[in-house]
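> Generate coordinates for the sequence data below:
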Amino acid sequence: MIRGLALAMIFINHVPGNRYEVLTSKNFGFSDAAEAFVLLAGVSAALAFGKHFEARRWWAGIAGPWHRAWSLYMVHIVISVTVLGLVAAMLRFGEVPELISRDNFNRFVEDPVGVLIGLPLLLHQFGYVNILPLYVLLMLAAPLLIWAGQRRPGWLLIASITVWAVAGLTWQNLPNYPNRGGWFLNPFSWQLIFVLGILTGLALRGQRRFVPVKRGLIIAAALYASLAFLVKQVPPVDQGFYVVMKTLREAGVPFVLVDFNKGYLQLPRLLHVLSLAYLVSVSPHLRDLSASRLAWPFVVMGRQALPVFAVGTVLSFAARAALHYFDPTLTIVEDVVILGGLLALVALAWVKELSRAALGAPRPPIVIPDPHRPAPEPQRAAQI
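This is a model prediction of the structure:
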């Protein structure tokens, strides 16, 4: 359910300026749906492929994530070419140059050969089409991370935090081409949240929690999430918080600890998504909510995450084109493109589910232990 909700918010946020953005998580704290997406990707990888390493089926444990990485790579190339064609068509036939003048599409006009070199190498990424390259690299590293997480979870976590800290302190990143600079979502930084997801998933496979339920942790997570909410929603609190952070930076505290850069997943953003994840994980109502009819659209979207994300990305650019082409002051246009897009994604996921069932390949449930009960209930699956 949570992954489906994250995908819905990603679609909405990829159409910047629409009035439905106020309902997405980025308005209630420092992180947004992208962090949740990557965290859940790590959980899913551990749940799906950890069994192979437990049974010492080494090649299956390696081939599974790498096959997934190849699928992600192919989808990324198809999405990139499709949206490039869409924004080019709006320039040629719709007389809407705004789309191709931003989000790194203008580089194709200036240096098409360089872009054609960088695109298949994952070195050139268009705006709003840059999460799958990160996901590809993380899945390539997943076999090693899962193997290490099963044997030395503490050492893996220390190594991951070290890489995150070094990247944030020294501004290390993978290169762009033909642009200068690095990736928008720095893999050296974002690997930490993926590793935390893997360690969580491995713990769930063992019917336990990676982070135990502690009253002090619940209070700390709730306080931090509340502070982030107030900073986003109450201007005086925002101003005061900005002054505090600025003072800390001027005092020499490293940016990675007191800034909000998304690309380097700096500490305020990281703590926010982890606080939210912890609060959700200890909620006694998650299972019942996931099983409710109201949650069904998000559950089915989460089960078909890759096709939903791919089509949603293309639809988001089509929605942006529509909002530029038609009168943007007409709220009916926003309603049609946003709500219509979400309905299309739910329909896509539903059709994919029906196709899977017709082919005789039902999706096995993922059973997650309930921390509020002494023993897990295998017949009830928490769909996240």
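> so how far is stretch 316-330 off the chain centroid?
Distance of stretch 316-330 from the chain centroid (C-alpha atoms, centre = their mean, to the nearest Å) equals 25 Å.
> and that stretch, C-alpha only, in CSV?
Output of stretch 316-330 as CSV, limited to C-alpha atoms (Å, rounded to 0.1, in the frame of the first residue of the first chain):
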residue,chain,number,x,y,z
SER,A,316,3.1,13.2,-16.1
PHE,A,317,4.9,14.8,-19.1
ALA,A,318,1.7,14.5,-21.1
ALA,A,319,-0.1,16.3,-18.3
ARG,A,320,2.5,19.0,-18.2
ALA,A,321,2.1,19.4,-22.0
ALA,A,322,-1.7,19.7,-21.6
LEU,A,323,-1.4,22.3,-18.8
HIS,A,324,0.9,24.4,-21.0
TYR,A,325,-1.3,24.0,-24.1
PHE,A,326,-4.6,24.7,-22.6
ASP,A,327,-5.6,27.6,-20.3
PRO,A,328,-3.8,26.8,-17.0
THR,A,329,-6.3,28.9,-15.1
LEU,A,330,-9.0,26.3,-15.8
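> Give the buried residues for that stretch.
The neighbour-count check on stretch 316-330 (16 or more other C-beta atoms under 10 Å) flags 316-323 as buried. In this view, the C-beta of every residue, glycine as well, is placed from N, C-alpha and C.
> Pull the residues that contact that stretch.
Under the contact criterion C-beta atoms under 8 Å, 6 or more residues apart in numbering, stretch 316-330 has outside partners 11, 14-18, 83, 86-87, 90, 94, 96, 98-99, 128, 333-334, 336-338, 341.
> what ranges of the protein fall below the confidence cut-off?
327-330, 360-384 (pLDDT under 70).
> how's it carved up into domains?
1-31+301-357, 33-300 (automatic domain parsing).
> Tell me who's in contact with the residue lying closest to M245 once chain neighbours are set aside.
Once flanking residues are discounted, M245 sits nearest to V258: 4.9 Å by C-beta to C-beta, 6 or more residues apart in numbering. By C-beta under 8 Å, 6+ apart, the residues touching V258 are 245, 248-249, 266-268.
> Same list, those, but as TSV with neighbour count please.
Listed next are the contacts of V258 as TSV, based on neighbours: other C-beta atoms under 10 Å:
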residue	neighbour count
M245	18
L248	15
R249	14
Q266	21
L267	19
P268	22
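> Among those, which ones are in helices?
245, 248-249, 267-268 (DSSP state H).
> Would you mind giving these as JSON lines with distance to R293 added?
Below are these laid out as JSON lines (distance: C-beta to C-beta, whole Å):
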{"residue": "M245", "distance to R293": "43"}
{"residue": "L248", "distance to R293": "47"}
{"residue": "R249", "distance to R293": "48"}
{"residue": "L267", "distance to R293": "39"}
{"residue": "P268", "distance to R293": "36"}
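> thinking M139 is in contact with W66, fair?
Yes. M139 is in contact with W66 according to C-beta atoms under 8 Å; the separation is 7.2 Å.
> With neighbour numbers in mind, choose between these two.
The neighbour comparison of M139 against W66 (other C-beta atoms under 10 Å) goes to M139, with 24 against 14.
> can you give me the strands for this protein?
Taking DSSP state E as the criterion, the chain carries no strands.
> Tell me how far stretch 302-317 lies from the chain's centre.
That offset, for stretch 302-317, works out to 12 Å (C-alpha atoms, centre = their mean).
> Do a quick rundown of the helices in the stretch 1-150 of the chain.
Listed in chain order, the helices found in the stretch 1-150 of the chain under DSSP state H, counting those that start in this stretch are 2-13, 33-54, 58-92, 106-110, 112-118, 131-151.
> Likewise for the stretch 151-300 of the chain?
153-170, 187-205, 215-233, 235-250, 255-258, 267-281, 286-290, 296-303.
> Can you say which of those helices is nearest to R56?
Checking the helices of the stretch 151-300 of the chain against R56 by C-beta to C-beta gives helix 187-205 as the closest, at 15.2 Å.
> Determine the set of other helices and strands touching that closest one.
Packing partners of helix 187-205 (3 or more C-beta pairs under 8 Å, 6 or more residues apart in numbering; DSSP states H and E): helix 33-54, helix 131-151, helix 153-170, helix 267-281.
> Need the contact partners of the second one.
Going back to what we said before, that points to helix 131-151. 34, 37-38, 41-42, 45-46, 49-50, 53-54, 61-62, 65-66, 68-69, 72-73, 75-76, 79, 122, 125, 155-156, 183, 185, 187, 190-191, 194-195, 198-199, 202, 309.
> do stretch 341-349 as well
Residues contacting stretch 341-349 (C-beta under 8 Å, 6+ apart): 4, 7-8, 11-12, 15, 297, 300-301, 303-304, 307-308, 311-312, 315-316, 318-319.
> let's see 7 Å
Stretch 341-349 is contacted from outside by 8, 11, 297, 300-301, 303-304, 307-308, 311-312, 315, 319, using C-beta atoms under 7 Å, 6 or more residues apart in numbering.
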